[in-house]
Structures are given as C-alpha cells and as structure tokens.
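>>> Quick one: sequence and predicted model below, then my questions.
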Amino acid sequence: MPLPGAVAYVAVFALGCAVGSFLNVCIYRMPRDRSVVAPPSHCPHCGVRLRGIDLIPLVSFLALGRKCRRCGGPISWRYFGVELLTGLIFLAVWLACGPRPEVLACWVFAAVVVAVVFIDIDHMIIPDKLVAAGVAAAALGAGLSLAAQPRFVEPLGFARLAGAAAPLVRFVAGGAVGLVTFVFIRAFSEVLFRREGMGLGDVKLAGAIGAMLGPSLALLSFALAIAVGAILGVGLMALRLRRRMEYLPFGPFLAASALVAMLAPAGLWHAAAGLYARWVSLFGV
C-alpha cells in the first residue's frame, strides 16, 4: 500500500473516531434537551471537567482502564464502541467515494444515522435536530453534485432523465418519496392495529433518507429496513423476548439500511433486481 494512501486511511479513521466522540455527547444530551456544546465534557459521576488528555478517542478510554481519572467511576463500553463504529464507517465512506467533494455530505449523513440508532434504542425518539442535520447533509450533497458527476447512479435512469439538474431533482423527489411512503405506512398501521404503529420521527427520518439517496435507492433501503425489522421482530416474539404488541424502535433499521444502500448502491440494486426477476419467473410471468 502506498504511504500516502495509508496515511489518508489513518487520518480518515481518526477523524471518524473524533466525530464519534462528539456523537457520544449528542446521544447522551439531545434526548434530555441539553446543549451539546455547553457545559464541556465532564464525568457523569463526580462532575469533574475532562481534560484534553482524557478525551483522545479510543486511546483515553483504554489508557484509563475505562474509569474516571478522579473518582474511578466506570465508563460505559458504549463510548468506545461509538467512536470505533464511527471511525470504521467514515473509512468505509472514504473507500466508497474517494477524495470527492460529496464525501463530506456522506460523512455528515453517516454521523447523523449513528446518533439516530443509539438515541432511538435508548429513548424511542428521533430528535428533529438530527433529522434537520440529515436533510442538510442531503442538500449539501446535491449542491456539491451539481459541479461533479453524481456519486449515486439511479438504477432506473432517473438521473439521466433529469438532465443537468439531476442532483436537485433527486433531492426533492427522494424526500417526497420517503415522506409519502411512510405517511402511508403509518396511516395503514393505525387502521390495521387501531393504534399508532410508527412515530413521526421515523416518517421524518425517511424523508431525510430519501433526500440523500434519491427515490430508487431510498425505496430499496426502505424495503431492506422493513424486511430486516419484520424478521427480527418475529424472531424476538418466537423466542418470547418481546410481546406481540410491544413497540420495536424502527429508526435503527432505517438508519442501517440507508448506510448499506449509500455505500453499495449498484451491487445492492443488481442483487435485488436479480432476486425479483427470479421470483417473477416462478410464476411464469
């Protein structure tokens, strides 16, 4: 591996870990409606302000033995996990996109969905500020793509039909498809189960995902999220780890599926198209 490439990979991974450190603050404070910038990071046990040496991503956690330097209070492994996960995702985005302007938008969007996953798991909510950040990332990506060939090629030729304004058209059409699709799903689930089957946060997040991925990839992402969510939900009920009418946070499935679709769009689309063709052929169509 050439040295410049290796240096770039290490730098990108370190950047992702640093962003993950900030995401830990967001994950803890946003659901509690607290500022993510003030007060500075501090120990949740004794309240002492953390110094720069205590905030080095990954390294400080291991060097301190996952304990507070002052009071010895335990530090959750989640802090380390979020930093490591974000670093790996940033590196995966870099490998998929390369040194293109659009990579900035993809990094912002990836950071948003990582925060969404852990907040929704803990609190069953998706903060509007995170959704707004996801839409902003999509708008940034569309704007950057106006000056360069789009990173995500629409499988159905949508970008070619849209012409020079394809990124903006994809942004608007994708957002509309995400919102309309999940408004319908939410309304249908209320009629079917006679209670709210999906939160508005999921609907808004779907709109942001659609704006980022465009209509075709967004629909593929939504299908993957629904399929995985359904399989996991049924599996948990079969193991009696979840009751039939118990809510399961859907944000993590939406977020993870969006990342998968964003990082491997062409391969996923061809695989899905192939599976669909085989399914149709079974009926002799």
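Cool, got the structure.
>>> quick one: residue 68 from residue 74, how far?
Distance of residue 68 to residue 74, given as Cβ to Cβ, to the nearest Å: 8 Å. (C-beta placed from N, C-alpha, C; glycine too.)
>>> Neighbour count: these two, which is higher?
Of the pair residue 68 and residue 74, residue 68 is the one with more neighbours under other Cβ atoms under 10 Å, namely 18 against 11.
>>> what about the nearest residue to the more buried one once chain neighbours are set aside, distance to residue 51?
Nearest residue to residue 68, sequence neighbours excluded (Cβ to Cβ, 6 or more residues apart in numbering): residue 43, at 4.5 Å. Distance from residue 43 to residue 51, counting by Cβ to Cβ: 11 Å.
>>> List the contacts of stretch 77-88.
13-17, 19-21, 23-24, 27, 57-58, 61-62, 66, 110-111, 114, 118 (Cβ atoms under 8 Å, 6 or more residues apart in numbering).
>>> Try it again at 7 Å.
Under the criterion Cβ atoms under 7 Å, 6 or more residues apart in numbering, residues 13, 16-17, 19-21, 23-24, 27, 57-58, 61, 66, 111, 114, 118 lie in contact with stretch 77-88.
>>> Quick check: mean pLDDT of that stretch?
What stretch 77-88 shows for mean pLDDT is 95.
>>> Centre of the chain to it, how far?
A distance of 14 Å separates the centroid of the chain from that of stretch 77-88, by Cα atoms, centre = their mean, to the nearest Å.
>>> one step back: looking at residue 43 and residue 51, which is more packed in?
residue 43 (18 against 11).
>>> residue contacts, that one?
By Cβ under 7 Å, 6+ apart, the neighbours of residue 43 are 50, 68, 70, 71, 73.
>>> Near residue 11, how many other residues are there?
Applying other Cβ under 10 Å, we find 12 other residues in the vicinity of residue 11.
>>> separation between residue 62 and residue 77?
11 Å.
>>> likewise residue 29?
Distance from residue 29 to residue 77, by Cβ to Cβ: 19 Å.
>>> Between the two, point out the one with more neighbours.
Using other Cβ under 10 Å as the criterion, residue 29 and residue 77 rank with residue 29 on top: 13 against 10.
>>> Per-residue pLDDT of the more buried one, please?
93.
>>> which SSE is it in?
Using DSSP states H and E, residue 29 falls within helix 3-29.
>>> excluding its backbone neighbours, what's nearest residue 27?
residue 118 (4.7 Å).
>>> That neighbour: neighbour count?
22.
>>> Which parts of the stretch 1-150 of the chain are helices?
Using DSSP state H, counting those that start in this stretch, the helices found in the stretch 1-150 of the chain span residues 3-29, 59-63, 77-97, 102-123, 128-145.
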